[in-house]
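Asks: Quick check, what structure comes out for this input:
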Amino acid sequence: MLEKAKSVRMQLLVLAIISISALLLASCTASPTIPEDPNGNEPQSNLIINLLGTESGIPVNSGGKTSSDSEVISADGSIALSVDSGTSFLDSSQNPVQSIQVIISPDPPAAPENTVMIGPAYDFLPEGITIDAPIRLTLSYNPAEIPQGTKESNIYIARFDDDGWETMRYKQVDINNHRISTLINSHSGYAILAPTAQDEPAPAPEPALQANRVDLVYFHRTNRCYSCNWAEAETRYTLEAYFQEELNSGKITFESIDVQEGSNAAIIEKYGAYTSQLFINTVIDNTDHIEHISEIWQLIGDEEGFILFMETRINNALEEIS
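Replies: Down below sits the predicted model:
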């Protein structure tokens, strides 16, 4: 009887050991789960941006889109990137990028003819990055490097690759703090260029104001957002690319007006402007026909659509004065 009891206890001990081992094995092999946010928010991670050795994290969702407006600045303040919420950074396979590095370019190409490079050139790594919405690149510079006779306001940022240099369309020069900004949307190299002073003929006089003309007036606030800068840059590009002859003759005019500048009170009152707005004034026999063009804000980021829309509206206005 005693032997039988010992045998039963031994069997129970063996079963207990087997059960505990099975539970431990299951806990080690089970797939880990990401704890759910009690508020139902999507899990976040960080896109690491390294600017000249200074690392910063920008919050992104699982699809690789930034989840807030962010700005990262190098330790020495020589370079900064401003990124809007909802921007995606993708690699050549269209997968979210985990990290971006900006370094001083070890071997940039020679500056284009009649220009000099101001400060270092910068490379964005890894190669093949695409950005679905332009980000703001700001570079600091030493004004002492600008060639004598060249205006500080005439410097600009250009991108370079194996095919050479390309001038960026948009620029904003902060002469007081010696910084210059542009909008970029792809991997490349970037540098500040300054034109060398040339013996230029005297500028042609401004064309006389015509009784029949098309005035484009872009109003903005002193502190400007990405969309405001983008809209003005693309409006200027449309005019210069498709209506340069009309600009030269005075048949079309363009002005950019700060609504917070007191000296602009008269034109602000004339157009009824109060913030970032674009107006087309079809002037016939010196009589204004002002129209607020609000549709541009639905086309921000769509370069082709924006240019086509503006080209059509300007051509329609030109037909009215012909």
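
Asks: So which bits of stretch 167-181 are buried?
Replies: 168-173, 178-181 (16 or more other Cβ atoms under 10 Å). Every residue, glycine included, has its C-beta placed from N, CA and C.

Asks: Can you tell me who the most centrally placed residue in the chain pairs with across the strands?
Replies: Geometric centre of the chain, nearest residue: Ile135, 2.2 Å, by Cα atoms, centre = their mean. Using DSSP bridges, the beta-bridge partners of Ile135 come out as Ile184.

Asks: can you check Arg213 too?
Replies: Beta-bridge partners of Arg213, as defined by DSSP bridges: Val283.

Asks: Please name the residues that touch it.
Replies: 250-253, 283, 321 (Cβ atoms under 8 Å, 6 or more residues apart in numbering).

Asks: residues making contact with stretch 266-276?
Replies: For stretch 266-276, using Cβ under 8 Å, 6+ apart, the contacting residues are 217, 219-221, 224-225, 227-228, 231, 255, 257, 259, 277, 279, 281, 288, 290.

Asks: Among the contacts of Arg213, which one lies nearest to Ile296?
Replies: Nearest to Ile296 among the contacts of Arg213 is Ile252, at 17.0 Å by Cβ to Cβ.

Asks: where does that closest one land on pLDDT?
Replies: Ile252 is assigned 94 on the pLDDT scale.

Asks: Could you do Ser153 as well?
Replies: pLDDT, Ser153: 88.

Asks: Now for it, how many residues are close by?
Replies: When neighbours are counted by other Cβ atoms under 10 Å, Ser153 registers 10.

Asks: if I look at Gly57, how far off is Tyr271?
Replies: From Gly57 across to Tyr271, the span is 43 Å (Cβ to Cβ, to the nearest Å).

Asks: Look at the two and report which has more neighbours.
Replies: Using other Cβ under 10 Å, the more surrounded residue of Gly57 and Tyr271 is Tyr271, with 18 against 13.

Asks: mind listing the strands for the stretch 51-200 of the chain?
Replies: Applying DSSP state E, counting those that start in this stretch to the stretch 51-200 of the chain gives strands spanning 54-60, 70-73, 79-83, 89-90, 99-104, 115-125, 130-140, 156-161, 164-167, 172-174, 179-186, 189-195.

Asks: possible to save the ones you listed as JSON lines with mean pLDDT and distance to Gln210?
Replies: Shown next, in JSON lines, are the strands of the stretch 51-200 of the chain (pLDDT from 0 to 100; distance: least, Cβ to Cβ, whole Å):
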{"stretch": "strand 54-60", "mean pLDDT": "91", "distance to Gln210": "50"}
{"stretch": "strand 70-73", "mean pLDDT": "92", "distance to Gln210": "44"}
{"stretch": "strand 79-83", "mean pLDDT": "93", "distance to Gln210": "40"}
{"stretch": "strand 89-90", "mean pLDDT": "85", "distance to Gln210": "47"}
{"stretch": "strand 99-104", "mean pLDDT": "93", "distance to Gln210": "48"}
{"stretch": "strand 115-125", "mean pLDDT": "94", "distance to Gln210": "36"}
{"stretch": "strand 130-140", "mean pLDDT": "87", "distance to Gln210": "35"}
{"stretch": "strand 156-161", "mean pLDDT": "93", "distance to Gln210": "31"}
{"stretch": "strand 164-167", "mean pLDDT": "91", "distance to Gln210": "31"}
{"stretch": "strand 172-174", "mean pLDDT": "87", "distance to Gln210": "31"}
{"stretch": "strand 179-186", "mean pLDDT": "87", "distance to Gln210": "33"}
{"stretch": "strand 189-195", "mean pLDDT": "95", "distance to Gln210": "31"}
